[in-house]
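# pasted the sequence and its predicted model underneath.
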Amino acid sequence: IILALCNVNPNKQYPCINIAYLCMFIVYTYILLSKIYPFFKEQKNISSYMERVYYWYNINKYDLVIEDCENIGIRNDMDDFYYYVYGISLQKAEQYEESNQILIVGAQKSNNPAFWNAIGSNYLALKEYDMAESYYRHAFCMIPNRLIPLYNLTKLYYYKGDMTHFNEMITLTLSFSPKI
């Protein structure tokens, strides 16, 4: 076909080159669109899943959050809130080890101490008090003006039965004045 088109207008100088460029452009566009279209279609599916995930999370339907997040999977292009929602939902379903795996990925992507508090709470539920304490302390060191890590440490010492540290943390927590 290209050779036939080249001979259609013999008066013009180098007509085959223009037609060849046009054909190459069409082929290149077709290849590019065939590669990009599935990506956009997948992104549309993921964004519809994400809307549902956030909706389920906001109305405390954690089992549905987990189901949709399992369909989406762990991807590098997800935002940190996705990992938080997924991890907290697993925590609410008492799947603490799986929750920690998801929350650790989110903590690597985010500087939010809420990830560290949630991981500490998972370890507290698993009765691994030393691990829980280290995560709560790390959360407090990240942003020392937050009360939540101190409250979590107070709770930890109470459940652990360490009344000396518990009383110290009660005093510290009650006298703490966070910056607003």
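It's in.

# okay, and the helix or strand of this protein with the least pLDDT?
Across the helices and strands of the chain, mean pLDDT, DSSP states H and E gives its lowest value to helix 2-6, namely a mean of 49.

# any stretches of the chain with poor pLDDT?
1-24, 30-48, 75-77, 180 (pLDDT under 70).

# one more time with 50
1, 3-5 (pLDDT under 50).

# what about the helices in it?
Assigned by DSSP state H, the helices in the chain fall at 2-6, 15-58, 62-72, 80-92, 96-109, 113-125, 129-142, 148-160, 163-175.

# make CSV from these and add mean neighbour count to it.
No exception for glycine: its C-beta is placed from N, CA and C like everyone else's. Below are these laid out as CSV (neighbours: other CB atoms under 10 Å):
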stretch, mean neighbour count
helix 2-6, 11
helix 15-58, 12
helix 62-72, 17
helix 80-92, 22
helix 96-109, 19
helix 113-125, 23
helix 129-142, 19
helix 148-160, 19
helix 163-175, 13
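
# pretty sure residue 118 sits against residue 102.
No: Residue 118 lies out of contact with residue 102 (CB atoms under 8 Å); the separation is 9.7 Å.

# common neighbours of the two, please.
Shared contacts of residue 118 and residue 102, defined by CB atoms under 8 Å, 6 or more residues apart in numbering, are found at residue 87.

# quick one, phi/psi of residue 93?
Main-chain torsions, residue 93, degrees, to the nearest 10: phi -90, psi 10.

# check contacts around the closest residue in space to it that isn't next to it in sequence.
Nearest non-adjacent residue to residue 93, counting by CB to CB, 6 or more residues apart in numbering: residue 62, 5.6 Å away. Going by CB under 8 Å, 6+ apart, residue 62 touches 56, 88-90, 92-93.

# same thing with residue 133?
120, 153, 156.

# if I look at it, how far off is residue 121?
12 Å (CB to CB, to the nearest Å).

# and for residue 53?
For residue 53, the distance to residue 121 - CB to CB - is 21 Å.

# also residue 171?
23 Å.
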